[in-house]
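Chemist: please work out how this folds:
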Amino acid sequence: MSTSRVAVACPSCSPEEPTAHEVLKEAGLSTVRCTECDHVHKEDLSGPETVERQVVVSQDGDSFSARHEFPPGTELETGDEFLLDAPEALMQVRITSLQKESEQRVDRIDVETVQTVWTRAVGNVSVDLTLHPKGGEDEETRSLKLQVPGDEKFEVGEVAEYGGEEFEIEGFVVRDGAEGYTLSQYDHDGDWAFAKDLKRVYGRDQTTSAWSAW
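Modeler: Below you'll find the predicted structure:
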């Protein structure tokens, strides 16, 4: 028997933002357990009346639809993020587009007026990596795909290690529509961005055993 899940604030590890919880017992005040820190507490899950809308999620080139309940009176805006409890998983998503009943796309709209909320999963993301060889041989440049948490920070000049690959970050390109960035491409030491905002990272291989001839 599967355990139902809800997204509520945890008084122990996340009092301000909702996290995934397992519902242990449903009653007037339900008993829930935080999946992040295992803290058990009581929560009123009756909640106010909500507005249910269709949400389309894009993840790693695929997409799927789910239903999400928003508080009435909510104003939605591209770039906003929220926790979506989809049949596939409980995931953090970012709004990329908002569609009205007329099929017109807008950047901001009241939840009562929106028909479809288009989003992209940002909790765990894929980041394309162009990896240049240590010696500078262009013909040996490789293209890889990194699977990382969306809030992972990439900074130019730092050495990173993922999946057995160690490389110095030389630059990166941010996604169209990513907020808080004045440029589309960065390559100066100290420039940084979150993985969920990145389209591609450029790195210089630092793995000792790489590029050896057979």
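Chemist: relative to His41, how far out is Ala193?
Modeler: Per C-beta to C-beta, to the nearest Å, Ala193 is found 36 Å from His41. In short, each C-beta sits where N, CA and C put it, glycine included.
Chemist: so those two - more neighbours on which side?
Modeler: Ala193 (22 against 16; other C-beta atoms under 10 Å).
Chemist: pLDDT score for the more buried one?
Modeler: You'll see Ala193 listed with a pLDDT of 97.
Chemist: could you measure from it over to Glu49?
Modeler: 39 Å.
Chemist: could you do Tyr181 as well?
Modeler: Tyr181 is 38 Å from Glu49, by C-beta to C-beta.
Chemist: surely Tyr181 meets Trp192?
Modeler: No. Assessed by C-beta atoms under 8 Å, Tyr181 is found out of contact with Trp192, at 10.4 Å.
Chemist: measure the residue nearest the centre of the chain to Leu131 for me?
Modeler: The centroid of the chain falls nearest to Val122 when counting by C-alpha atoms, centre = their mean (1.1 Å). Distance of Val122 to Leu131, given as C-beta to C-beta: 24 Å.
Chemist: just Asp44 next, same as before
Modeler: Asp44 is 51 Å from Leu131, where distance means C-beta to C-beta.
Chemist: higher neighbour count, these two?
Modeler: Looking at Asp44 and Leu131 with other C-beta under 10 Å, you find the greater number of neighbours at Leu131, namely 21 against 9.
Chemist: name the nearest residue to that one, sequence neighbours excluded.
Modeler: Arg142 (4.7 Å; C-beta to C-beta, 6 or more residues apart in numbering).
Chemist: the one you found: neighbour count?
Modeler: Neighbour count of Arg142, defined by other C-beta under 10 Å: 14.
Chemist: same check, this time on Arg94
Modeler: Neighbour count for Arg94, taken as other C-beta under 10 Å: 23.
Chemist: likewise for Glu155?
Modeler: Number of residues near Glu155 (other C-beta under 10 Å) recorded here: 14.
Chemist: use 167 as the first number from now on
Modeler: Okay, residue one is now 167; in that scheme the one you just asked about reads as Glu321.
Chemist: elements contacting the helix or strand Val198 falls within?
Modeler: In the assignment (DSSP states H and E), Val198 maps to strand 196-200. Under the contact criterion of 3 or more C-beta pairs under 8 Å, 6 or more residues apart in numbering; DSSP states H and E, strand 196-200 touches strand 171-176, strand 180-191, strand 206-209.
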